[in-house]
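Participant: prediction below, plus the sequence it came from.
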Amino acid sequence: MENRRLWTAFLLVVVLSFAVLGYYGKEIYREAPPIPQKVVTTDGIVVFDGMQIKNGQNVWQSIGGQEIGSIWGHGAYVAPDWSADWLHREGVFMADQIAQEQFQKKFTELTEVEQAGVTKKLQAELRKNTYDPETKTLTITPQRLAAIKDNGAHYKSIFMGEEGSEKLRDAYAIQKNAIKDPERMEMMNAFFFWTSWACVTERPGQKITYTNNWPPDKLVGNEATGSLLLWTGFSVILLLMGIALLAWHHAVNHDSGPDNESLPKLDPLLGLQPTPSMSATLKYFWVVCALMVVQVILGAVTAHYGVEGNAFYGIPLSDFLPYSVTRTWHVQIGIFWIATSWLATGLFIAPAVSGYEPKYQALGVHFLWVCLLIIVVGSLFGQWLGVMQKLGFETNFWFGHQGYEYVDLGRFWQSFLLIGLFLWLFLMTRAIRPAFHKQQENRHLLTMFMVASAAIALFYAAGFMWGRHTNLAIAEYWRWWVVHLWVEGFFEVFATVVIAFLFTRMGLINTKIASTSVLFSTVVFLAGGILGTFHHLYFTGTPTAVLALGATFSALEVVPLVLIGFEAYSHFKVSKSAEWLVAYKWPIYFFIAVAFWNLVGAGIFGFLINPPIALYYMQGLNTTPVHGHTALFGVYGMLGIGLMLFVLKGLASRHVWKDGVIRFAFWSINIGLALMVLISVLPIGFLQTLASVEHGFWYARSAEFMQQPGMDTLRWLRVIGDTVFAVGILALGWFVVGLKVGFSVRDKVDVSIANHPSGRD
C-alpha cells in the first residue's frame with residue numbers, strides 16, 4: 001500500500017513538474033530577448049542585420065563557444081564573460097564621451113556629483129528599450145555606434161592576433177588568429193553586442209533587463225533586485241523543510257541492517273558465472289580507464305593554460321591544441337567515461353538480475369562498444385577541426401563544435417549517440433524483462449530501473465530542440481534539459497536503483513526497505529530536481545517567474561544518494577564479519593565517497609551558488625567549478641569507479657585483490673580532489689565574489705583582477721591537488737591493468753568464488 005502511494009506521488013510529481021516546465025518553456029520562447037532584423041542609428045546608418053548576429057553566434061560556437069570565456073555567465077572561466085565585458089567597455093566609452101561633451105574631461109576626472117549626472121544620462125540611454133517589434137528594428141544613437149566600433153576594434157585585436165594584444169591573449173588563453181576571417185570577426189562582434197544589449201535593456205513595461213539586471217555593474221544601472229533577496233530567503237526555508245522531511249523519513253524507516261547471522265554465507269550476486277554479454281562489458285571498462293587518464297592529462301593542460309596563457313612550460317602548445325580544445329575534450333571525455341561506466345554496469349546487471357541471456361545479446365554489446373568508440377574519436381576530432389576554423393558554419397554544426405558546454409559535440413555525433421542510447425535501452429529491456437515474471441519482491445525496483453533507463457535515452461533527445469540559429473535564451477533552456485535532467489536527474493535515479501539492487505542482492509538492505517527508500521528518494525529528488533532546472537536560467541533572458549520557481553524548487557535538490565550511501569556504510573560496519581563481503585571493500589568505499597561528495601560537493605557547494613542573490617554575484621566565477629568538480633567527479637565519477645570495480649570483481653578476478661595500489665588510489669583521488677578545490681579554486685572564487693560585489697562582475701573576470709600576483713599564486717597552488725589527484729587516477733588505471741595481467745591479485749582463491757557451488761578456480 002505504501003509503495004502504491006509512492007508510485008502515485010511519483011506520477012503526480014513527474015506530470016505536474018513537466019507541465020510547469022513546459023508552460024514556462026513556452027513563456028521563454030515568447031519573452032526571449034528579440035533578435036532584431038536590423039540595428040540602425042537614429043540618422044539611418046545600418047550597423048548590423050539579424051543574419052550577422054545569428055551567424056556571429058555560429059562563429060562564437062565554432063571557436064569553442066562556452067569553452068572560451070562565457071556568455072550570460074555560462075562557460076569557461078579564464079577569458080572574460082563576453083557579454084559583461086562588452087557591456088562595461090561600452091559603458092566606459094560612452095561615459096567618457098558624455099563627460100567630454102559636458103565637462104571636457106574624462107569620466108574618472110569628474111567629481112562625484114558630476115559623475116552621478118553623467119551616469120544617470122548614460123543609464124537612460126543604455127537601458128531604454130528602443131526595439132520596435134513591428135519593424136523588428138533596434139535603433140541606437142551615433143554615440144553608441146562609436147562605442148560599438150571601439151569595442152569591435154578591441155576584440156578584433158585579440159581574436160585576430162594583432163600586435164599589442166599579446167598580453168591579453170595570454171591572460172585569456174586565446175591562441176593567435178583564433179578567428180582568421182575579418183568578416184567572421186565582424187559577425188561575432190554583432191553577436192557580442194546583442195548579448196550585452198539583452199543584459200542592459202529593460203523589458204517592455206518593466207524596470208528590469210532581459211537578464212534580470214545581470215551582470216552586476218553599477219555604472220550601467222545593473223543592481224540586485226528585491227525579488228532576488230525574497231526568493232533567496234524562501235529557498236533557504238524550503239531547504240530546511242526538505243532536510244527535515246528526509247531526516248524524518250529516514251528515522252521512521254531506518255533499518256538497523258541485517259545481523260551477522262542473517263547475512264548470506266556465500267556471495268549471492270557476483271559469484272555466478274558471467275554470461276557472454278556480461279563478459280563483453282569488460283572492454284567498456286578498459287575504455288573507461290583509458291579515457292579517465294586522458295581526461296586528467298587534458299585537465300592538467302587546461303589548468304596550466306590559466307597561468308601560462310598559450311604555452312605549456314614554454315612549449316607553444318596552443319598553436320595546435322588551444323585552450324578551448326583541451327577544455328572541451330576534458331569536459332566531454334569526463335561525461336563519456338562516466339556514462340560508459342554506468343551504461344556498461346547496466347548491461348552487466350540486467351542478465352545478472354534476471355538470470356536470462358537473450359540470443360545475440362553479446363553481439364549487441366560488442367556492436368554498441370564499437371559505436372561508442374567511433375562517437376568518441378569522431379566527435380573529438382570534429383571539435384578540433386571546428387576550433388581551428390577549418391569548417392564552414394553548416395559543417396561545423398553537424399560535425400564540429402556546437403559551442404554549448406556539456407553538449408559540444410556536433411549534431412551528427414549527437415544523433416549517433418542518441419541511436420546508441422536507444423540500442424542500449426533495447427539491450428537492457430530484453431535482458432531484464434524475464435525478471436518481472438520471476439521476482440515479485442523486486443518488482444518496484446525493476447520498474448524504477450526501467451523507467452530510469454528509458455529516461456536516459458529519451459531525455460538526451462532534448463539536445464535536438466535547438467538549431468544552428470536558435471535564440472541563445474531558448475537554446476540554454478533546452479541545453480539544461482540535457483545537463484540537469486539527463487545527467488543530474490534520471491542518471492542519478494538510475495544509479496540509486498543500481499546500488500539498491502546490488503545491496504539487496506548481497507543481503508545488506510532489506511528488499512522492501514530498499515524499494516520504499518528508492519521510491520521516496522526519487523519522488524523527493526524529482527519534486528525539486530525537475531523544476532530545479534530553472535535555477536540555471538535565472539539570468540539567461542528568461543521571465544522573472546523562472547527565477548521564483550528555480551529558487552523554490554532547487555532548494556529541494558537534496559541528493560537521495562546520501563541516504564543510500566550512509567545506509568551502505570552502516571550495513572558495511574555491521575557485516576564486516578562476513579568473509580565473502582571483504583571482497584567488495586573498495587567498491588563500497590567508493591560508494592561511501594559518493595555519499596560524502598554528495599553532501600559536500602552537490603549539497604554544500606551546490607547550495608553555495610544556487611540561491612538567487614548568491615548566483616547573481618557568483619555565476620560564472622570559480623565558485624562554479626568548485627561545485628562542478630566535486631559534484632561531477634566526486635559524485636558521478638566516484639560512483640562510476642565504484643560500479644566499475646563491482647563489475648570487475650565479478651568479471652575479471654577469481655582471486656583476492658591486493659589492497660596496496662587500490663587503497664593508495666582511493667585516498668589519493670579523494671584527497672587530491674579536496675586539495676585542488678580548497679587551496680586553489682575555492683579561494684579564487686571567494687576573492688572573485690568579493691570583487692563582483694564591490695566593483696562588478698566584469699572586474700571579477702577581468703585580466704586586471706585575475707592577473708594579480710596573489711591570484712597567480714593561488715592558481716599555481718592547484719598543482720598540488722592536481723598532482724595528488726592525477727597520481728591516484730594513474731594508480732587506479734594501473735590496478736585495473738593488474739587485474740588482467742595478474743599483479744593486482746593474490747594467489748589465494750577468493751572465498752566468494754571458492755565456496756560458491758558454481759565457482760571454479
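Facilitator: Nice, thanks for sending it over.
Participant: how far away is Trp286 from Phe646?
Facilitator: From Trp286 across to Phe646, the span is 16 Å (C-beta to C-beta, to the nearest Å). From N, CA and C alone the C-beta is placed, and that goes for glycine too.
Participant: neighbour count: those two, which is higher?
Facilitator: Phe646 (25 against 14; other C-beta atoms under 10 Å).
Participant: which of the helices or strands spans the more buried one?
Facilitator: Element membership for Phe646 (DSSP states H and E) is helix 638-651.
Participant: show me what that helix is packed up against.
Facilitator: Helix 638-651 is packed against helix 276-280, helix 282-308, helix 323-354, helix 491-505, helix 585-597, helix 659-676, helix 709-741, with contacts defined by 3 or more C-beta pairs under 8 Å, 6 or more residues apart in numbering; DSSP states H and E.
Participant: next, give phi and psi for Ser70.
Facilitator: phi -140, psi 170 (degrees, to the nearest 10).
Participant: thought it was touching Asp85?
Facilitator: No. Using C-beta atoms under 8 Å, Ser70 is not in contact with Asp85, being 9.8 Å away.
Participant: distance to Thr8 and mean pLDDT added to the helices and strands packed on helix 638-651, as CSV?
Facilitator: Output for the helices and strands packed on helix 638-651, formatted as CSV (distance: least, C-beta to C-beta, whole Å; pLDDT from 0 to 100):
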stretch, distance to Thr8, mean pLDDT
helix 276-280, 35, 93
helix 282-308, 37, 93
helix 323-354, 26, 92
helix 491-505, 17, 77
helix 585-597, 29, 85
helix 659-676, 40, 95
helix 709-741, 43, 94
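Participant: these: which one's closest to Pro182?
Facilitator: helix 323-354 (20.3 Å; C-beta to C-beta).
Participant: now find how far off-centre the closest one is within its chain.
Facilitator: Distance of helix 323-354 from the chain centroid (C-alpha atoms, centre = their mean, to the nearest Å) equals 14 Å.
Participant: phi, psi for the residue lying closest to Cys199 once chain neighbours are set aside please.
Facilitator: Residue nearest to Cys199 in three dimensions, not counting chain neighbours: Thr211, with 4.9 Å by C-beta to C-beta, 6 or more residues apart in numbering. Dihedral pair for Thr211: phi -100, psi 30, per degrees, to the nearest 10.
Participant: how many residues are close by Thr211?
Facilitator: The burial count for Thr211: 26, using other C-beta under 10 Å.
Participant: repeat that for Val301.
Facilitator: Neighbours around Val301, by other C-beta under 10 Å: 19.
Participant: so it touches Tyr313, yeah?
Facilitator: No. Counting by C-beta under 8 Å, Tyr313 is not a contact partner of Val301; they are 10.1 Å apart.
Participant: where in the stretch 351-500 of the chain is pLDDT low?
Facilitator: The stretch 351-500 of the chain contains residues with pLDDT under 70 at 439-441, 488.
Participant: now Trp342: how far from Glu183?
Facilitator: Counting by C-beta to C-beta, the separation of Trp342 from Glu183 is 44 Å.
Participant: so for these two, which sits in the more crowded spot?
Facilitator: A count of neighbours by other C-beta under 10 Å puts Trp342 above the other of Trp342 and Glu183, at 20 against 10.
Participant: ok, that one to Met644 distance?
Facilitator: 9 Å.
Participant: got it, and Ser554?
Facilitator: For Ser554, the distance to Met644 - C-beta to C-beta - is 30 Å.
Participant: ok, now Trp716?
Facilitator: Trp716 is 33 Å from Met644, where distance means C-beta to C-beta.
Participant: neighbour count winner among these two?
Facilitator: Met644 (27 against 15).
Participant: wouldn't that one be in contact with Thr345 here?
Facilitator: Yes. Using C-beta under 8 Å, Met644 is in contact with Thr345, at 7.3 Å.
Participant: Leu321 belongs to a helix, doesn't it?
Facilitator: No. The assignment for Leu321, made by DSSP: H, G, I helix; E, B strand; the rest coil, is coil rather than a helix.
Participant: quick one: terminal-to-terminal distance for stretch 402-419?
Facilitator: Criterion C-alpha to C-alpha, to the nearest Å; first-to-last residue distance in stretch 402-419 is 19 Å.
Participant: list the buried residues of that stretch.
Facilitator: 402-418 (16 or more other C-beta atoms under 10 Å).
Participant: mind checking how far the helix or strand hosting Gln61 is from the chain centre?
Facilitator: Counting by DSSP H and E, the element that carries Gln61 is helix 50-62. Relative to its chain's centre, helix 50-62 lies at 24 Å (C-alpha atoms, centre = their mean).
Participant: how about the helices and strands packed on helix 638-651 in a markdown table, adding distance to Asn622?
Facilitator: Formatted as a markdown table, those follow (distance: least, C-beta to C-beta, whole Å):
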| stretch | distance to Asn622 |
| --- | --- |
| helix 276-280 | 42 |
| helix 282-308 | 10 |
| helix 323-354 | 14 |
| helix 491-505 | 25 |
| helix 585-597 | 18 |
| helix 659-676 | 11 |
| helix 709-741 | 9 |
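Participant: and Lys176, which of those is closest to it?
Facilitator: Closest among the helices and strands packed on helix 638-651, using C-beta to C-beta: helix 323-354, at 12.3 Å.
Participant: would you mark the buried spots in the closest one?
Facilitator: 323-354.
Participant: next one: stretch 93-104
Facilitator: Neighbour counts using 16+ other C-beta under 10 Å place 93-99, 103 of stretch 93-104 among the buried residues.
Participant: in strands only, show me those.
Facilitator: Per DSSP state E, strands hold no members of the buried residues of stretch 93-104.
Participant: ok, the residues you listed vs Phe192, which is closest?
Facilitator: Phe93 (14.3 Å).
Participant: measure that closest one to Phe48 for me?
Facilitator: Taken as C-beta to C-beta, the span from Phe93 to Phe48 is 18 Å.
Participant: again with Val294
Facilitator: 41 Å.
Participant: tell me which of the two has more neighbours.
Facilitator: With neighbours defined as other C-beta under 10 Å, Val294 and Phe48 compare such that Phe48 has more, 23 against 17.
Participant: which element, helix or strand, includes the more buried one?
Facilitator: According to DSSP H and E, Phe48 maps onto strand 46-49.
Participant: note down every partner strand of that strand and its orientation.
Facilitator: strand 38-41 (antiparallel) (DSSP bridges).
Participant: okay, the partner strand in CSV with CA atoms only?
Facilitator: Taking C-alpha atoms only, strand 38-41 is exported to CSV below (Å, rounded to 0.1, in the frame of the first residue of the first chain):
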residue,chain,number,x,y,z
LYS,A,38,18.3,45.5,-38.3
VAL,A,39,20.3,47.6,-35.9
VAL,A,40,20.3,51.2,-37.2
THR,A,41,21.3,54.6,-35.8
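Participant: quick one: average pLDDT of that strand?
Facilitator: Per-region confidence: strand 38-41 scores 96 on mean pLDDT.
Participant: any idea of the pLDDT on the nearest residue in space to Asn212 that is not next to it in sequence?
Facilitator: Closest residue to Asn212 apart from its sequence neighbours, by C-beta to C-beta, 6+ apart: Phe539 at 5.5 Å. With respect to pLDDT, Phe539 scores 93.
Participant: which SSE is Phe539 in?
Facilitator: For Phe539, there is no host helix or strand (DSSP H and E).
Participant: phi, psi of it?
Facilitator: When read as degrees, to the nearest 10, the backbone of Phe539 gives phi -120, psi 30.
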